[in-house]
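J.: I'd like to go over a predicted model; first the sequence, then the structure.
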Amino acid sequence: MLIDSILLLSRIVAVLLSLSITATSYRAYRRTAEETFQYTMIGFAILGAGLGIESFLLRVVPLTLSEIHAIESFVFMLGFVVLYLSINGRPAT
């Protein structure tokens, strides 16, 4: 039971950090209107959602643990792709 409490606490702290970085990026974007901050905000928002998705899916959706981890990994991958674009710029159109 202690490990469950530690896991829950660590997830809450991670989500709060993600929300803090998302909010900071939003304020920077509003102040400067630079796309870099917009992508950073979106990337960290997706990562924050990825942190909570596993717990939600485990309790609500009848999926196997492997399927849930695959979904969670996809969400994290998407968040990291958006962060990558925020650092290196968008691809040329």
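T.: Structure's in. What do you need?
J.: for the rest of this, base every contact and every neighbour count on C-alpha atoms.
T.: Will do.
J.: go through this protein and flag its longest helix.
T.: When the chain is parsed with DSSP state H, its longest helix is helix 2-32.
J.: helices or strands up against that helix?
T.: Packed against helix 2-32 by the contact rule (3 or more CA pairs under 8 Å, 6 or more residues apart in numbering; DSSP states H and E) you find helix 35-60.
J.: report the angle between whichever helix or strand comes after the helix it packs on and helix 35-60.
T.: As assigned by DSSP states H and E, the chain's next helix or strand after helix 35-60 is helix 65-88. Orientation check (axes from the mean of the first three to the mean of the last three CA atoms, to 10 degrees): helix 65-88 against helix 35-60 gives 170 degrees.
J.: which other helices and strands contact helix 65-88?
T.: helix 35-60.
J.: the helix it packs on vs helix 2-32, what angle?
T.: With the same axes, to 10 degrees as the basis, helix 35-60 and helix 2-32 are set at 150 degrees to each other.
J.: what are the buried residues along helix 35-60?
T.: By 16 or more other CA atoms under 10 Å, the buried positions in helix 35-60 come out as 36-51, 53-54, 57.
J.: just the pLDDT for the nearest residue to I53 once chain neighbours are set aside.
T.: Spatial nearest neighbour of I53, excluding adjacent residues (CA to CA, 6 or more residues apart in numbering): E72 at 6.5 Å. With respect to pLDDT, E72 has a value of 91.
J.: what's the neighbour count on E72?
T.: Residues lying near E72 (other CA atoms under 10 Å) number 21.
J.: dump the residue contacts of it.
T.: E72 sits next to G50, L51, I53, E54 when contact means CA atoms under 8 Å, 6 or more residues apart in numbering.
J.: next, find the distance separating it from A33.
T.: 31 Å (CA to CA, to the nearest Å).
J.: tell me, how many residues neighbour I68?
T.: Count around I68 with other CA under 10 Å applied: 19.
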